[in-house]
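Asks: Below is the sequence, then the predicted model.
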Amino acid sequence: MKTKLLLLAFALPLAMSAQMARITVDTARVIGPIDPNIYGVFMEPIGFSGHGANANQRPVNTMYGTLYDPGSSFANKDGFDTRYIDAAKELQITNMRWPGGNYTADYHWKDGIGPKDKRPVLKELAWGFNDNNQVGTDEWIELNKAIGTENIMCINAGTGTLDEAAHWVEYCNLEPGSYYPDLRAKYGHPKPYGVKYWDLGNEVDGEPWIIGHKDAEDYIKFATEAAKIMKDVDDSLSFIISGSAYYAPDGKWVDWNRKVITGLRNIASYVSIHGYWDNSPNYYTYMGQGAMDIERKITTTADIISVIRSKYMMTKPIYIAFDEWAPFGKGLLPTLAMAQYFNSFIRHADVVKMSNYTMLTSILARSENGQLFKTPSFYTFKLFSNNCRGTSLNALVKCDTFSTGGYYKDIPYLDVTCVYNKNSGSLIFNVVNRHKEKPVSTELVSHSGNFAGEASVTEIDSHDLEAPYTFDKRDQYIPVTKKLKTKGNEFSYTFPAHSFTQIIVKLD
């Protein structure tokens, strides 16, 4: 049966088979300002098994032969694929986290500076490939400049030393006059890079997989001393501490976060959360458990932060950096999961101030013969990153619910956020209909005046939930925005089953 991807449908007429729902918004019900840094990406070189990539074979490394490929006709002067650069600009990416990732725990930044023919080729221990260190600090900063993004550096908290971390800050941020800034200038970069954000390690509690795993007490000691010596070099730094990434069902991840946030409360600007979508084969488990897991990680960590700030009468805020996240797959379900990730970040805009999608090279899909193309996931990212700037509102949603059959119950079929852009006077509704089969007819109501004129409606949907995105259908994936007439302070719209819809409408 032929599969057709629908990227917008007109508002469906009210039908007896459709569920009834209501979304009510008031611009006075504010959650918080949306930090543009939630539209970031993450990047690390991950090696895969196999032999070198060519035109008829997928790359064997997420960095080399993919993002960095000096021999490609698409490479810029620094060797980076301009297709990724242009795509990142189109998405208005705000920041990039590097170099990892698990890779960080055995990465020594001094191996990646200086003449490229002098850099060592080393066995990379996290992913098991030979690392030629051709992309190091200077190259990565140049990529950030080409895209126009903020840098987030992650120090080695596994096999690294305190001196190594301090020297890296010195190399990146100080004017020439001492050894490491002079070295940077010698290599062609006299101006300091001004890297503000620094991760104090990555997934440090990940005992089964991370090199140099530490318990909470040892991590607190390491991070405290690392922050101290790094601040001695540059007092303007902001630190992201390593929240738990080991989400076993024993509750230890909660204990880890409580201990490290308490112990590092005076140095932490952010605590990191990582969360990858649950890949259950059951539709409702996939849609429900994945979303609720993300919510639970955010709300539990936010509650811990709140208790600690109250206990110690802190005026300094601590925010959440959800700095690794992604759904996996090549069809509509991961696209809907991506929309729910962004909805979670916007819904918790008061505490989630940074996020990093895994990874930069995943913003474009790659066909089996190496052709890059944009998928509905790309366009979903774009709808959020380009349009959802402003203030997150606490929308009141009334709709039917479902359960996963496990821990999570009474999950709303409609996953909704609403953003108010004061500059344009617009409301932006982001709605995922999680129902597999039924559309949901909905009244959208404003308690802040009437809607003005026509609404712009962009919808991402597909008849086939399982069909992978393909290069030959790339033109079908481009969203089409249609207009919907509004009058007064409410209008109706029917959200198709398993779909993501963004509605932008101005207020009088």
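Replies: Nice, thanks for sending it over.
Asks: which helices and strands does the helix or strand harbouring K297 pack with?
Replies: Here K297 sits within helix 283-311, counting by DSSP states H and E. Helices and strands touching helix 283-311, by 3 or more C-beta pairs under 8 Å, 6 or more residues apart in numbering; DSSP states H and E, are helix 252-263, strand 268-276, strand 319-326, helix 332-347, strand 411-412. All C-beta atoms are positioned from the backbone trio N, CA, C, and that covers glycine.
Asks: Quick one: list the elements packing against the helix or strand following the longest one.
Replies: Yep, that's helix 332-347 we're talking about. Note on helix 332-347: by DSSP H and E, the next helix or strand toward the C-terminus is strand 352-358. Secondary-structure packing of strand 352-358 (3+ C-beta pairs under 8 Å, 6+ apart): strand 40-42, strand 95-98, strand 268-276, strand 319-326, helix 332-347.
Asks: give me that answer again for 7 Å
Replies: Helices and strands touching strand 352-358, as assessed by 3 or more C-beta pairs under 7 Å, 6 or more residues apart in numbering; DSSP states H and E, comprise strand 40-42, strand 319-326.
Asks: what's the shortest one in contact with?
Replies: Outside strand 40-42, the residues that touch it by C-beta atoms under 7 Å, 6 or more residues apart in numbering are 93-97, 323-324, 354-360, 363.
Asks: quick one: average pLDDT of that strand?
Replies: Taken as a whole, strand 40-42 has a mean pLDDT of 98.
Asks: Distance from the chain centre to stretch 74-89, please.
Replies: With C-alpha atoms, centre = their mean, to the nearest Å as the basis, stretch 74-89 stands 20 Å off its chain's centre.
Asks: Quick check: buried residues in that stretch?
Replies: The neighbour-count check on stretch 74-89 (16 or more other C-beta atoms under 10 Å) flags D78, G79, F80, D81, R83, Y84, I85, A87, A88 as buried.
Asks: what helix or strand is the closest residue to the first one other than its chain neighbours on?
Replies: Just to be clear, that refers to D78. Nearest residue to D78, sequence neighbours excluded (C-beta to C-beta, 6 or more residues apart in numbering): E142, at 4.8 Å. Counting by DSSP H and E, the element that carries E142 is helix 137-147.
Asks: Output the very next helix or strand once past that helix as CSV, restricted to C-alpha atoms.
Replies: Later in the chain than helix 137-147, the nearest helix or strand by DSSP H and E is strand 150-154. What follows is strand 150-154, C-alpha atoms only, in CSV (Å, rounded to 0.1, in the frame of the first residue of the first chain):
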residue,chain,number,x,y,z
GLU,A,150,28.0,29.2,21.9
ASN,A,151,30.6,26.6,23.0
ILE,A,152,30.1,24.1,25.9
MET,A,153,33.3,22.2,26.7
CYS,A,154,33.3,19.0,28.8
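Asks: Partner strands of strand 150-154 and their direction?
Replies: Sheet pairing here is set by DSSP bridges, and for strand 150-154 it gives strand 95-98 (parallel), strand 197-199 (parallel).
Asks: quick check, nearest of the buried residues of stretch 74-89 to G71?
Replies: Nearest to G71 among those is G79, at 8.5 Å by C-beta to C-beta.
Asks: Relative to I155, which of the helices and strands packed on helix 283-311 is closest?
Replies: strand 268-276 (12.7 Å).
Asks: for that closest one, packing partners?
Replies: Packed against strand 268-276 by the contact rule (3+ C-beta pairs under 7 Å, 6+ apart) you find strand 238-241, helix 252-263, helix 283-311, strand 319-326.
Asks: any idea how the chain splits into domains?
Replies: 5-31+394-507, 35-387 (automatic domain parsing).
Asks: For the longest one, measure first residue to last.
Replies: The distance separating the two terminal residues of domain 35-387, taken as C-alpha to C-alpha, to the nearest Å, comes to 13 Å.
Asks: again with stretch 27-41
Replies: Using C-alpha to C-alpha, one end of stretch 27-41 lies 30 Å from the other.
Asks: From what I see, C154 and Y103 are in contact.
Replies: No. Judged on C-beta atoms under 7 Å, C154 makes no contact with Y103 at a distance of 9.1 Å.
Asks: Give the bridge partners for the spatially closest residue to G128 that is not a sequence neighbour, please.
Replies: Closest residue to G128 apart from its sequence neighbours, by C-beta to C-beta, 6+ apart: G47 at 6.0 Å. Beta bridges link G47 to N61, judged by DSSP bridges.
Asks: same question, E443
Replies: R22, S492.
Asks: Neighbours of it, how many?
Replies: When neighbours are defined as other C-beta atoms under 10 Å, E443 has 14 of them.
Asks: any idea how far G488 is from it?
Replies: Separation of E443 from G488 (C-beta to C-beta, to the nearest Å): 11 Å.
Asks: what ranges of the stretch 401-508 of the chain fall below the confidence cut-off?
Replies: Of all residues in the stretch 401-508 of the chain, none has pLDDT under 70.
Asks: wait, what's in contact with the nearest residue to E466 once chain neighbours are set aside?
Replies: Among residues not flanking E466 along the chain, G331 sits closest, at 5.9 Å (C-beta to C-beta, 6+ apart). By C-beta under 7 Å, 6+ apart, the contact set of G331 is L465, E466, A467, P468, Y469.
Asks: which one of those residues sits closest to G148?
Replies: Once C-beta to C-beta is applied, the member of these that ends up nearest G148 is Y469, at 27.4 Å.
Asks: Look up phi and psi at the closest one.
Replies: Backbone torsions of Y469, given as degrees, to the nearest 10, read phi -70, psi 140.
Asks: Same check on K123?
Replies: Residue torsions, per degrees, to the nearest 10, at K123 are phi -70, psi 120.
Asks: That one touches N132, doesn't it?
Replies: No. Checked against C-beta under 7 Å, the pair K123 and N132 is beyond contact range at 11.3 Å.
Asks: These two: who's more crowded?
Replies: Under the neighbour definition other C-beta under 10 Å, K123 and N132 were set side by side, and N132 has more, 16 against 9.
Asks: Report the contact partners of F491.
Replies: Per C-beta under 7 Å, 6+ apart, neighbours of F491: L444, F451.
Asks: Pull up the distance across stretch 326-339, start to finish.
Replies: Termini of stretch 326-339 sit 11 Å apart (C-alpha to C-alpha).
Asks: What residues of it count as buried?
Replies: A326, P327, G329, G331, L332, L333, P334, T335, L336, A337, M338, A339.
Asks: For the closest residue in space to the last one that isn't next to it in sequence, which three-state class applies?
Replies: Setting aside the residues directly before and after it, A339 is nearest to F500 in space (C-beta to C-beta, 6+ apart), at 4.3 Å. In three-state terms, and counting by DSSP: H, G, I helix; E, B strand; the rest coil, F500 is strand.
Asks: T501 is in contact with F495, correct?
Replies: Yes. Counting by C-beta under 7 Å, F495 does reach T501; the two are 5.5 Å apart.
Asks: So these two - more neighbours on which side?
Replies: Neighbour count, other C-beta under 10 Å: between F495 and T501, F495 has more, with 32 against 25.
Asks: What sits closest to the more buried one if chain neighbours are left out?
Replies: Nearest one to F495, counting by C-beta to C-beta, 6+ apart, is N433 at 4.1 Å.
Asks: Near the one you found, how many other residues are there?
Replies: A count of neighbours around N433, defined by other C-beta under 10 Å, yields 28.
Asks: For L414, what are phi and psi?
Replies: Per degrees, to the nearest 10, the backbone of L414 is at phi -100, psi 120.
Asks: Now for the closest residue in space to D255 that isn't next to it in sequence, how many residues are close by?
Replies: Leaving out its chain neighbours, the residue that sits closest to D255 by C-beta to C-beta, 6+ apart is A216, at 7.6 Å. Residue neighbour count, defined by other C-beta under 10 Å, stands at 20 for A216.
Asks: now do D250
Replies: Neighbours of D250 under the rule other C-beta under 10 Å: 9.
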